[in-house]
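Q: Just to be clear, the model below is a prediction. Sequence and coordinates:
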Amino acid sequence: MRKVTLMVAALVATIFSVSADDRHINADQIPDAAKMFIAKYFGSQRITYATVDRGLLDNEYNVRLEDGTKIEFDDNGRWVEIDRKSAAVPMPIIPVALATYVQQSYPDAKILKIERDRNTTELTLQTPSHRVELKFDSQNRLIDIDD
């Protein structure tokens with residue numbers, strides 16, 4: 001039994017060490033689709049820092065722009081998360097249904113962060129008085145509000 005426990009512990013340690021391979025890269029090493037995305041929506045901002053997190057099945061790229069914006073891309077250069085300090089996420093990036101909901105329900109808010117996965121999209125808004133987090137399903141229906 002002790003051997004099995006040690007083998008499982010060694011396997012878990014190996015998996016975590018392989019998946020935690022986060023290292024600095026040059027900006028030209030991020031996927032071309034990510035470079036084109038940055039040029040299109042953040043053209044005036046230059047990349048100040050980039051890393052790649054080598055996973056078991058794919059890579060994750062993290063980029064920081066000179067204004068502090070953080071963007072995470074998947075292995076194909078598709079954005080996964082955009083996090084801005086004080087400026088709003090560019091509206092063309094936001095799905096139309098979500099942008100419409102925010103404009104109608106929170107007309108004075110700025111969208112500072114957007115994060116998506118296969119099933120959900122999350123928005124972090126800054127209103128004049130506080131932050132609000134909204135979660136939408138894959139059909140762009142609101143499923144959670146964290147006020």
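A: Right, received. Where do you want to start?

Q: drop to CA atoms for contacts and neighbour counts, all remaining ones
A: Will do.

Q: Angles on the backbone of Glu60, please.
A: phi -130, psi 130 (degrees, to the nearest 10).

Q: For it, name its beta-bridge partners.
A: Asp53 (DSSP bridges).

Q: Just the pLDDT for it.
A: At Glu60, the model reports a pLDDT of 96.

Q: Same check on Val4?
A: 51.

Q: Then Asp22?
A: So, for Asp22, pLDDT stands at 83.

Q: same question, Ala13
A: pLDDT, read off for Ala13, is 51.

Q: Equivalent analysis for Ser86, please.
A: 85.

Q: roughly how far apart are it and Arg118?
A: 27 Å (CA to CA, to the nearest Å).

Q: Show me which of these two is the more surrounded one.
A: Ser86 (14 against 8; other CA atoms under 10 Å).

Q: show me what contacts the more buried one?
A: Leu112 (CA atoms under 8 Å, 6 or more residues apart in numbering).

Q: Tell me the buried residues in stretch 49-65?
A: Neighbour-count burial for stretch 49-65 flags 49-55, 59-65 (criterion: 16 or more other CA atoms under 10 Å).

Q: Would you reformat those as JSON lines and include distance to Phe136?
A: Formatted as JSON lines, the buried residues of stretch 49-65 follow (distance: CA to CA, whole Å):
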{"residue": "Tyr49", "distance to Phe136": "30"}
{"residue": "Ala50", "distance to Phe136": "29"}
{"residue": "Thr51", "distance to Phe136": "29"}
{"residue": "Val52", "distance to Phe136": "28"}
{"residue": "Asp53", "distance to Phe136": "27"}
{"residue": "Arg54", "distance to Phe136": "29"}
{"residue": "Gly55", "distance to Phe136": "27"}
{"residue": "Asn59", "distance to Phe136": "26"}
{"residue": "Glu60", "distance to Phe136": "23"}
{"residue": "Tyr61", "distance to Phe136": "24"}
{"residue": "Asn62", "distance to Phe136": "24"}
{"residue": "Val63", "distance to Phe136": "25"}
{"residue": "Arg64", "distance to Phe136": "26"}
{"residue": "Leu65", "distance to Phe136": "27"}
